[in-house]
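Peer 1: one predicted model, sequence on top.
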Number of protein chains: 2
Amino acid sequence: MVTIAEVAQHAGVAPSTVSYVLSGKRSISPKTRRRVEDSIRVLNYHPHAGARALASQRSNVIALVVPLRPGMHVPVLMQFAISVVTTARRFDQDVLLLTADEGPAGLRRVAASALVDALIVMDVELHDQRLPELRTLHQPSVLIGIPADTAGLTCIDLDFAAAGALCVDHLADLGHRSIGLIGPPTAVYERETGFATRTINGFEQAVARRGLAASTLPCEPTYEAVRRTLDDLFRAQPAPTGLVVHNEAVISPLLDSLHQLGRRVPEDVSIVAICPADVAERAVPPLSSVLIPAEDVGRLAVELLMDSLEGRQNRQTTLLAPRLTRRRSAATATG
Amino acid sequence: MVTIAEVAQHAGVAPSTVSYVLSGKRSISPKTRRRVEDSIRVLNYHPHAGARALASQRSNVIALVVPLRPGMHVPVLMQFAISVVTTARRFDQDVLLLTADEGPAGLRRVAASALVDALIVMDVELHDQRLPELRTLHQPSVLIGIPADTAGLTCIDLDFAAAGALCVDHLADLGHRSIGLIGPPTAVYERETGFATRTINGFEQAVARRGLAASTLPCEPTYEAVRRTLDDLFRAQPAPTGLVVHNEAVISPLLDSLHQLGRRVPEDVSIVAICPADVAERAVPPLSSVLIPAEDVGRLAVELLMDSLEGRQNRQTTLLAPRLTRRRSAATATG
DNA sequence: GACCCTGGTCGAAGCGATTCGACGGACCGT
DNA sequence: ACGGTCCGTCGAATCGCTTCGACCAGGGTC
């Protein structure tokens, strides 16, 4: 292994000078800088990460905690992870991959051992067990998802309330006067991830604002449950002509059932979904949808962390504005 | 931050003793061991990862290089990554997540800086650019996928030849005498990932061994391509009654097309797929399939690395035996 | 009783970087 | 010509841990 001392000797300078060339923390004359850089290249020098971490109190690694829970949409997870890694590399950081099953102890472990400088925690629940740990950590962290009490935490998430409202507005603009919301199964509400409730709130406020008739129903991702939900839904008066679906697992049984019931999409019933882009695209017909902006969230998370690490404090919650993509499943109301 | 010196003082021993308690590299009397462990717990001591890496020449981190190429089946990727992380933690290792877009330089970076002790590289191509780098690294590595020249490398993959043969045997056992293989588009063969070719070889050998009639065709994942491929296929004499599909993107258009052509699965044509389990399960009807054992591969990769790190050398290639899961798409030949 | 092990512990020397204070020379103003 | 800046560089201390050789006490051997 080639050390900074060897580089220094090769370039005819002191080790500290090499260090300053690398970090840019003191000015170096162009001449010596060039000599040092040449030596670095010739000797193929790479600073020892551990030594650097020890001396500088910075590991240049950030932790990414991914959930393991089945039912998560994996492509979105991966898209997010990739975005985090890519952005981190732009800041010369690496990413340590942790799974949620280590719980709070896992966070403590990597933080207390100074393995990482900062943490990104995905899939944070309303009353997440890890919150106390995160609050006491010396390292900054960014949470994906909004817990009940965000005091002292930095959180990011899609603005689900706005997303719910956006779907309502879209349908209302198309002339629909009675609409339904099909949400996640009740289990999700109970687990209290928060986003389900936020969507409903946004939905209902928008419904009130636009003076629409509406009903909201949770739904399990099975054919029977979907049929029952649809029965309930269409029993309402006036019969809904627009549907907001916030439950990706339900999409394909839903579309099948509507087909079997002889209800055409979008001629008889318009659909707007809140779901990953690939799900919306693959559906038949492709769904107009508000997508989960995984890539933006990942990038932003890293950027916020870097801000914190450089002293720009920002303990606050960021809600990303939803954007609706029109596809073929929502059209002007007939009648 | 609490250091080993403080723990030592608190327990009334030398720092080195604390270290030996932690590492178990020298015997310690039960009495002092208990004292030290108590102090560790009381002070909530976590060894500084950087200091440890510097002193011991071991970071206890392994790199995982994931591919970015679109078209990879993401759930399998994730399943694999999770399996690597989980297994690594069993060995007290952490996992650094790298993306393939850093190329060979990325490997050199993390290896030369001693950020990681070992590497796992996924999706290795026949003539992968990273091979020379991997050969010169001081750290052991495990490749997922089999390159053309495996000399000096440790590789793991599903035994695709055996998988191809297994599918043939299954169909032959069910009485099918003429079968077809639908493979990935020609682009995949050209990129030379190797597994496509290996499947064909295994398929053809088994076909010869069982004395069957057979044809093999690449296929793009579009409806038109599928229709053309099926036309070609069924023109053969005797008409095939069994299909092996090694191309997950083609599965759903294929099933649709067969339906439209009035060929029932499995009554008129039996299908065996080589694909991720979730794809096979979700198909209509669910496909008998040989799955990609992502979890086994991930676990094995880490275990091999740990062997290497502990001095048990094992430069060699491991092919995992395929296992066929019967579902509803393959049945006894009629006629 | 002298001897040698052996198991248990200590002390000190690294590991390879960063960083701070100091220092020497060039350049400025007076 | 002289003192004061400022720029560029150096040397040494430091970060927290591991590990090696040394040391000591106790017990077995002859």
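Peer 2: Thanks, I have the structure now.
Peer 1: residues of chain A that sit close to DNA strand D?
Peer 2: A:12-17, A:20, A:26-29, A:31-33, A:51, A:54-55 (C-beta under 7 Å from any atom of the strand). (Glycine included, C-beta is placed from N, CA and C.)
Peer 1: one more time with 6 Å, if that's ok
Peer 2: A:13-17, A:20, A:26-29, A:31-32, A:54-55 (C-beta under 6 Å from any atom of the strand).
Peer 1: the closest residue to residue A:44 other than its chain neighbours: how many residues sit nearby?
Peer 2: Nearest residue to residue A:44 in three dimensions, chain neighbours excluded: residue A:2, at 6.8 Å (C-beta to C-beta, 6 or more residues apart in numbering or on different chains). Residues within reach of residue A:2, counting by other C-beta atoms under 10 Å in any protein chain shown, total 17.
Peer 1: isn't there a helix covering residue A:2?
Peer 2: No: when classified by DSSP: H, G, I helix; E, B strand; the rest coil, residue A:2 is found to be coil rather than part of a helix.
Peer 1: next up, the contacts around it.
Peer 2: Contacts for residue A:2 (C-beta atoms under 8 Å, 6 or more residues apart in numbering or on different chains) come out as A:43, A:44, A:45, A:46.
Peer 1: near DNA strand C, from the residues of chain A next to DNA strand D?
Peer 2: With C-beta under 6 Å from any atom of the strand as the criterion, the members of the residues of chain A next to DNA strand D in contact with DNA strand C are A:15, A:16, A:20, A:54, A:55.
Peer 1: so the first one sits right up against residue A:21, yeah?
Peer 2: Meaning residue A:15. No: between residue A:15 and residue A:21 there is no contact under C-beta atoms under 8 Å: 10.7 Å.
Peer 1: neighbour count for these two, which is higher?
Peer 2: For residue A:15 and residue A:21, the more surrounded residue by other C-beta under 10 Å is residue A:21, and the numbers stand at 22 against 14.
Peer 1: can you give me the pLDDT of that one?
Peer 2: At residue A:21 the predicted local distance difference test score is 97.
Peer 1: right, and it touches residue A:36 too?
Peer 2: Yes: checked against C-beta under 8 Å, the pair residue A:21 and residue A:36 is within contact range at 4.4 Å.
Peer 1: intersection of neighbour lists for these two?
Peer 2: Counting by C-beta under 8 Å, 6+ apart, the common neighbours of residue A:21 and residue A:36 are residue A:28.
Peer 1: still on that earlier bit, nearest to residue B:263 among the residues of chain A next to DNA strand D?
Peer 2: For these, the closest approach to residue B:263 (C-beta to C-beta) belongs to residue A:54, at 67.4 Å.
Peer 1: so the residue lying closest to that closest one once chain neighbours are set aside, which of the three states?
Peer 2: In space, not counting the residues next to it along the chain, residue A:54 is nearest to residue B:50; the distance is 4.1 Å by C-beta to C-beta, 6+ apart. Using three-state DSSP as the criterion, the local structure at residue B:50 reads helix.
Peer 1: residue B:50: how many residues sit nearby?
Peer 2: For residue B:50, the number of neighbouring residues by other C-beta under 10 Å comes to 25.
Peer 1: for it, give me its contacts.
Peer 2: For residue B:50, the residues meeting the contact criterion (C-beta under 8 Å, 6+ apart) are A:49, A:50, A:51, A:52, A:53, A:54, A:59, A:114.
Peer 1: near chain B at all, the strand or helix carrying residue A:135?
Peer 2: Residue A:135 is part of helix A:131-136 when elements are defined by DSSP states H and E. No: using C-beta under 8 Å from any C-beta of the partner chain, no contact is recorded between helix A:131-136 and chain B, whose separation bottoms out at 10.9 Å.
Peer 1: packing partners of that helix?
Peer 2: Where contact means 3 or more C-beta pairs under 8 Å, 6 or more residues apart in numbering or on different chains; DSSP states H and E, helix A:131-136 is packed against helix A:103-112.
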